[in-house]
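Peer 1: I need the structure of the sequence given here:
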Amino acid sequence: MNVGDEQWTIYTAAQHLPAVLTDPNRGKQINFFTKTWGDTFVDKTVIEKSPFLPEITYAHFESYLRKYGKRYKRHLRLSQTKFENIQIKQPKSTNLNTDNIPEIYLRHQFNLNDPKVFAEVFQENKTEHDLQDELSYYLDTVEEQIAHQVSQKSGAFFHAMTSHDTIMEQMGTAW
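Peer 2: Residues are numbered from 1 along each chain as shown. Have a look, this model is predicted:
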């Protein structure tokens, strides 16, 4: 049967409606109904005021805005002064207090494959339990120092991240 021999019906001219409406080549039409059929297609009805709800005016919000506006301004002022105090209170010295940790553990070339280093760490007169306690103590000391430094720098870090996000937003809107 040839293409010209087929009998034409109304279904022959049918299109797949979702494919037509979402055709990426046509672009998005927000005003599809009003553009196609005009303003008379969209029903316009006036919604009556509810007898059960009171009339709300700007005066209802004035006391709320005064009350919470003052609180918000105070919050901003206190937040700003707190942030400034954090920057002022930064320590003068950021040196680690590693006086109680032997120098061998702080070397850049610390390597247990070296027989001298191994012999110094695992001294024969120490029991496993004593060595474990000693190393745990050193680890705790280092972890405390790291936590202390992170807590000191966290305000500056989050301020830098916020500034970075703001700059990225401004660059996005500049295009």
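
Peer 1: Only C-alpha atoms from now on, for both contacts and neighbour counts.
Peer 2: Will do.

Peer 1: quick one: average pLDDT of the helix or strand encompassing S151?
Peer 2: Assessed by DSSP states H and E, S151 sits inside helix 128-174. Mean pLDDT, computed over helix 128-174, is 82.

Peer 1: again with stretch 8-16
Peer 2: Mean predicted lDDT for stretch 8-16 stands at 71.

Peer 1: what does it rub up against?
Peer 2: Contact with stretch 8-16 is made by no outside residue, as judged by Cα atoms under 8 Å, 6 or more residues apart in numbering.

Peer 1: And P54, how far from H60?
Peer 2: 11 Å (Cα to Cα, to the nearest Å).

Peer 1: I meant S151, not that one.
Peer 2: S151 is 44 Å from H60, by Cα to Cα.

Peer 1: Could you do Q7 as well?
Peer 2: Using Cα to Cα, Q7 is found at 71 Å from H60.

Peer 1: Also E120?
Peer 2: Counting by Cα to Cα, the gap from E120 to H60 is 78 Å.

Peer 1: Over to V150?
Peer 2: Distance from V150 to H60, by Cα to Cα: 47 Å.

Peer 1: ranges for the helices of the protein?
Peer 2: Ranges of helices in the chain, per DSSP state H, are 17-21, 32-37, 59-88, 115-121, 128-174.

Peer 1: any chance of those helices in JSON lines, plus mean neighbour count and distance to N97?
Peer 2: Output for the helices of the chain, formatted as JSON lines (neighbours: other Cα atoms under 10 Å; distance: least, Cα to Cα, whole Å):
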{"stretch": "helix 17-21", "mean neighbour count": "10", "distance to N97": "70"}
{"stretch": "helix 32-37", "mean neighbour count": "11", "distance to N97": "71"}
{"stretch": "helix 59-88", "mean neighbour count": "12", "distance to N97": "22"}
{"stretch": "helix 115-121", "mean neighbour count": "12", "distance to N97": "21"}
{"stretch": "helix 128-174", "mean neighbour count": "12", "distance to N97": "8"}
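
Peer 1: could those be laid out in a markdown table, adding distance to L106?
Peer 2: Converted to a markdown table, those look like this (distance: least, Cα to Cα, whole Å):
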| stretch | distance to L106 |
| --- | --- |
| helix 17-21 | 68 |
| helix 32-37 | 71 |
| helix 59-88 | 30 |
| helix 115-121 | 12 |
| helix 128-174 | 10 |
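
Peer 1: Of these, which is nearest H108?
Peer 2: Taking Cα to Cα, helix 115-121 is the member of the helices of the chain nearest to H108, at 12.5 Å.
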